[in-house]
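# Predicted model and sequence below, questions to follow.
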Amino acid sequence: MEIVAPLVMKTVQLIIPVSDSSHVGEVRRRTKELADAADLNESKREQAAIVATELATNLIRHATDGQIVLGAVGENSNGWVEVCSIDRGPGIADIGRCLEDGYSTAGGPGNGLGAVRRLAAAWDVYSLPQTESAAAGTVVFARIEDKPQAGKGERFRWGAISRPAPHETLCGDSWRIAQRDGELTVMLVDGLGHGPEAARAADEASDVFDRDPFAPLTSYVQNAAIRMQRTRGGAVAVARVDAGTRQVKFVGVGNIAGHLRDYREEAGRGLVSHNGVVGGPMRKIQEFEYACPDEGLLVMHSDGLQSRWNFQAYPGLLTRHPAVIAAILYRDFTRGRDDVTVAVVRVSLGRPNP
């Protein structure tokens, strides 16, 4: 029997505010740097730069409070670049028309979203016009991949955003996602406080995960606690989705939140964590099991995100790509004074055989 190494997702992520034309050049330059880091071929590197330039230009023309989130993801032998445009602008009244070549509301050539859709291996868009909701604005997500694989990711799709606290360059949060046949593990860690010392604590927990991403969850937290004793410690949560048993296992210590729901419904449930500090005083390390819905949505986030978010003001959002859902939560519910990380995983199990 061939043993296939798990795919461990690690992201280098940049968040660039876009408010004037000079920022478009920076977005393009940083995208090329990340495409190099992901080892994309020359054609894909240029395509990634085109996508990022189009989305940044759209922010200048149409939006307010715009940001471009860039990520270079390593997946063992295959990497990709992700570009996510986030704004609080007027929204798009007719997305279908905006995808038509030649259509423009700002006097440009009208190739923006249509070009993005053609060049991306995966893409999605979500927009609410101002007339419909106080949460108006647009999120566009695109992934440019060197070696797209047909059918890849049909069971698990995911997206994540992580941002350091204001005036910090290092993020005190960290996250990982690992995948192998029929299983996925997602881990979030929030080092106490923020800045370099919090980042060092998060790095220790991440390194433990990277060494054995499919270790028993309680063992992972125990080993992370040993490593984090040399730091200020932090909050850690880890979840494993098993398609064979149709279960989600979850272990949490500290104030990282976990939520599980059927993405076709608003109702969901919170996942149980115990109080304590990994690397410091801990009350208990305990694994909980939950039945995974046939079409499940797992949301995990650090306390840099408000705890009272919901999807009621976002019609249709639950059907969008998890990267878009993560971006909306980040945009509208970030507290603004701490590191923040949001990870969203969609699980499509299909109905069990009778």
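The structure has been received and is ready for your questions.
# so how far does stretch 122-137 reach from one end to the other?
21 Å (Cα to Cα, to the nearest Å).
# now it: how far from the chain's centre is it?
18 Å (Cα atoms, centre = their mean, to the nearest Å).
# hmm, who's touching it?
63, 65, 86-93, 95, 113, 116-117, 138-143, 145, 153, 313-317, 320-321, 323-324, 328, 331-332 (Cβ atoms under 8 Å, 6 or more residues apart in numbering). Every C-beta, even on glycine, is put in place using the N, C-alpha and C of the backbone.
# and those, which are buried?
63, 86-92, 113, 116, 138-143, 145, 314, 317, 320-321, 323-324, 328, 331-332 (16 or more other Cβ atoms under 10 Å).
# Looking at the residues you listed, which are in strands?
Cross-referencing the buried ones among the contacts of stretch 122-137 against strands under DSSP state E gives Ile86, Thr138, Val139, Val140, Phe141, Ala142, Arg143, Glu145.
# burial of Arg200, as a residue count?
17 (other Cβ atoms under 10 Å).
# quick one: it and Ile177, what's the gap?
Distance, Arg200 to Ile177, using Cβ to Cβ, to the nearest Å: 22 Å.
# Gly159 now?
Gly159 is 10 Å from Ile177, by Cβ to Cβ.
# In contact with Gln229, which residues are there?
Gly279, Gly280 are the contacts of Gln229 under Cβ under 8 Å, 6+ apart.
# Need the residues that contact the longest helix anywhere in the chain.
When the chain is parsed with DSSP state H, its longest helix is helix 42-62. With contacts defined as Cβ under 8 Å, 6+ apart, helix 42-62 is touched by 18-21, 23-24, 27-28, 31-32, 34-36, 40, 66-68, 70, 81, 83, 85, 87, 89-90, 105-106, 108, 111-113, 115-116, 119-120, 140, 142, 144-146.
# tilt between that helix and strand 137-145?
If you take axes from the mean of the first three to the mean of the last three Cα atoms, to 10 degrees, helix 42-62 sits at 170 degrees to strand 137-145.
# Give me the mean pLDDT for helix 42-62.
In this model, helix 42-62 has an average pLDDT of 93.
# same question, stretch 85-92
88.
# Name the spans of the stretch 251-354 of the chain whose pLDDT lies under the cut-off.
When residues are selected by pLDDT under 70, those of the stretch 251-354 of the chain lie in 266-267, 351-354.
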